[in-house]
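>>> Okay, predicted coordinates and the sequence, questions at the end:
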Amino acid sequence: MSGPARTFATPGPVSVLLELAVGDVTIVAGQRDDTVVDLVPTDETSSLDRRAAEQTRVDLLGDQLRIKVPKWRQYSPFDNGGSVDVRIELPEHSSITGEATSATFRATGPLSDVRIRTGVGSIRVSTTVEAHLRTSTGEITIGSISGPANLTTGLGPIRVEKLSGGVVRNSSGDCSIGELSGVVQVNVAKGDIVVRSVRGELTARTAAGTIRIEQLVEGTARLDTAVGDVEVGLPDGTAAELDAVTRLGSVRNLLTLSARRPEATRVATVRARTSLGTITVRRS
């Protein structure tokens with residue numbers, strides 16, 4: 001399919017299945033009763049890109065929208081089989097399933113479920129209930145996830161402004177989370193882990209990097225790094241139970257010690273470990 005955009009009447013949310021090899025994907029969700037699909041060659045002068053756009057299939061069956069861009073048999077940096085840029089405008093709270101070999105995905109507006117897998121390329125999502133995202137090389141950036149999340153990148157940073165539970169994995173790159181609630185596991189092979197606010201249960205591990213929790217408001221934080229510092233801030237009004245061990249380094253407890261738990265509206269538990277580094281617990 002190449003040429004004018006395709007428009008479908010969709011009075012409610014749709015489920016999109018997108019398959020492509022190389023390209024750029026933009027998804028815009030909003031208050032609307034139709035779905036518009038626009039496909040263009042990434043390079044209008046490339047015969048491969050034009051052919052890929054022309055051979056792309058777009059079908060709507062009920063509330064299921066399928067977009068399939070033809071793939072090449074064997075990847076070559078000199079012959080990628082054709083690159084296509086895809087733009088989808090659809091009703092809010094729709095769901096997206098996308099797979100690519102090398103593509104960038106951008107999604108704005110409220111979505112219900114986003115599942116994207118790409119070999120090379122970044123993934124950016126503004127708002128979704130559920131997210132399952134994987135890229136081998138590229139960054140993952142998300143505004144808000146209100147439900148389960150599974151985020152994985154081999155090389156590149158992961159940034160989430162609001163996370164309500166799930167698993168985050170990163171082989172090489174930093175992980176940054178704004179507001180964290182629910183039960184969350186963060187595993188990083190090489191990179192720093194920074195969380196602005198925790199109200200829940202966090203297990204964070206990195207083989208080489210610093211772990212910093214700016215505010216542990218309430219809940220539990222289990223923090224482990226082989227090489228690196230650990231820093232935890234607790235706001236006033238939060239009582240803390242601390243278990244901190246470092247093999248080569250020091251533990252700096254800047255809280256006021258008490259033989260018994262003080263009366264407080266919130267309680268936080270900190271378990272921190274580092275083989276080489278300093279552990280600091282302070283008021284935020």
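Received, thanks. Numbering: from 1, shown residues only.
>>> Can you give the domain ranges for this protein?
Domain assignment for the chain by automatic domain parsing gives 1-99, 139-284.
>>> Mean pLDDT lowest where, among those domains?
Ranked by mean pLDDT, these end with domain 1-99 in last place, scoring a mean of 91.
>>> How far off centre is that domain?
22 Å (Cα atoms, centre = their mean, to the nearest Å).
>>> biggest strand in this protein by residues?
In the chain, with assignment by DSSP state E, the single longest strand is strand 95-120.
>>> CA atoms only for whichever helix or strand comes after that strand, dumped as CSV, please.
Remark: after strand 95-120, the chain's next helix or strand is strand 123-137, criterion DSSP states H and E. C-alpha atoms of strand 123-137 as CSV (Å, rounded to 0.1, in the frame of the first residue of the first chain):
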residue,chain,number,x,y,z
ILE,A,123,11.0,2.9,22.0
ARG,A,124,9.0,5.8,23.4
VAL,A,125,5.6,5.6,24.9
SER,A,126,3.7,8.4,26.7
THR,A,127,0.9,6.6,28.6
THR,A,128,-0.2,3.0,28.8
VAL,A,129,-1.9,0.6,31.2
GLU,A,130,0.4,-2.3,30.4
ALA,A,131,3.8,-2.4,28.6
HIS,A,132,6.0,-5.2,27.4
LEU,A,133,8.9,-3.7,25.5
ARG,A,134,12.2,-5.1,24.3
THR,A,135,15.1,-3.7,22.2
SER,A,136,18.5,-5.1,21.8
THR,A,137,20.1,-1.8,21.1
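>>> tell me the angle the next helix or strand along the chain from strand 123-137 makes with strand 95-120.
As assigned by DSSP H and E, the chain's next helix or strand after strand 123-137 is strand 140-145. Counting by axes from the mean of the first three to the mean of the last three Cα atoms, to 10 degrees, strand 140-145 points 160 degrees away from the direction of strand 95-120.
>>> who does the next helix or strand after strand 140-145 touch, helix- and strand-wise?
Counting by DSSP H and E, the next helix or strand C-terminal to strand 140-145 is strand 149-155. Judged by 3 or more Cβ pairs under 8 Å, 6 or more residues apart in numbering; DSSP states H and E, the packing partners of strand 149-155 are strand 123-137, strand 140-145, strand 158-163, strand 166-172. C-betas here are computed from N, CA, C, even on glycine.
>>> Columns mean neighbour count on top of these, output as TSV?
Shown next, in TSV, are the helices and strands packed on strand 149-155 (neighbours: other Cβ atoms under 10 Å):
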stretch	mean neighbour count
strand 123-137	21
strand 140-145	21
strand 158-163	21
strand 166-172	19
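>>> how about a markdown table for those, with distance to T26 added?
Shown next, in a markdown table, are these (distance: least, Cβ to Cβ, whole Å):
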| stretch | distance to T26 |
| --- | --- |
| strand 123-137 | 10 |
| strand 140-145 | 14 |
| strand 158-163 | 19 |
| strand 166-172 | 25 |
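>>> and the helix or strand hosting E231, what does it pack onto?
Using DSSP H and E, E231 maps to strand 230-234. Other elements packing on strand 230-234 under the criterion 3+ Cβ pairs under 8 Å, 6+ apart are strand 211-227, strand 266-276, strand 279-283.
>>> Now do G147: how many residues are near it, please.
Using other Cβ atoms under 10 Å, G147 has 14 neighbouring residues.
>>> Can you give me every residue that contacts it?
Applying Cβ atoms under 8 Å, 6 or more residues apart in numbering, we find G147 in contact with 128-130, 164-165.
>>> cool, E89 as well?
28, 30, 32, 35-36.
>>> ok, back up a step: can you redo the domains of the chain as TSV with distance to V120?
Shown next, in TSV, are these (distance: least, Cβ to Cβ, whole Å):
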stretch	distance to V120
domain 1-99	9
domain 139-284	10
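>>> residues of stretch 17-31 that come out buried?
Buried positions in stretch 17-31, judged by neighbour count with 16 or more other Cβ atoms under 10 Å: 17-29.
>>> That stretch: end-to-end distance?
21 Å (Cα to Cα, to the nearest Å).
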